[in-house]
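K.L.:
Here is my input; please provide its structure:
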Amino acid sequence: MIDIIHRQTVYATTYPFTNADLQNLAWLFTYGKLDGWTDKIAQFYVLASSREYIPPLLPDRIEIPILRMSAALRVLPQEEEDKVKYVIVAQNRNMPMSHKLLVSYSRKAAGMDIFYELLNGNSVLFIGLVLKHVTVPVEAPHKFPAIQFTRVDSVKAALSVAETGDGKVGILC
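P.N.:
Sure thing, here's the model as predicted:
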């Protein structure tokens, strides 16, 4: 637990992201909004008669924001730092079904974006690195076909994934 200004408490933890975790968030990279709140499309099928009223499910408000830190925040050599950008996923405090995608072009800018979201009481669910020359589909909608995201352990591995040209994007997380 970390206390930040205005008596805001944040639960900070390291989190070893897996490919399954990455695939759960891949919808946001493709269909979300850049720096705007987006809800995941969810289908609810209920068997009830037309006379019964079923109130909509409203998720509870998140009182203590969570910061899931990943390997993307480790210090990189300057030549690798110049090749990457940071991809951050925030979760809305009042509507936990809403997510925001942020793209930062330096480690310092990513830290400021993360701090801003935590100050507002929002959780930071994901922090990853992608190569600067690789366009996340949200940055240029309708320009690229479906892209598959895969977890990598280093910037060199992300470069080798990009060089294969098979539509995969390596994300260090």
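
K.L.:
so the spatially most central residue of the chain is in which element?
P.N.:
Nearest to the geometric centre of the chain sits V89, at 2.4 Å (Cα atoms, centre = their mean). For V89, the element it lies in under DSSP states H and E is strand 84-91.

K.L.:
Okay, angle between the helix or strand just after that strand and strand 84-91 too, please.
P.N.:
Under the assignment DSSP H and E, the closest C-terminal helix or strand after strand 84-91 is strand 98-104. Orientation of strand 98-104 against strand 84-91 (axes from the mean of the first three to the mean of the last three Cα atoms, to 10 degrees) gives an angle of 160 degrees.

K.L.:
The strand holding V89 pairs with which strands, parallel or anti?
P.N.:
Strand 84-91 has these partner strands in its sheet, going by DSSP bridges: strand 98-104 (antiparallel), strand 123-131 (antiparallel).

K.L.:
And the first one, what's buried?
P.N.:
In terms of neighbour count (16 or more other Cβ atoms under 10 Å), strand 98-104 has its buried residues at 98-104. Where C-beta positions appear, they are placed from N, C-alpha and C, glycine not excepted.
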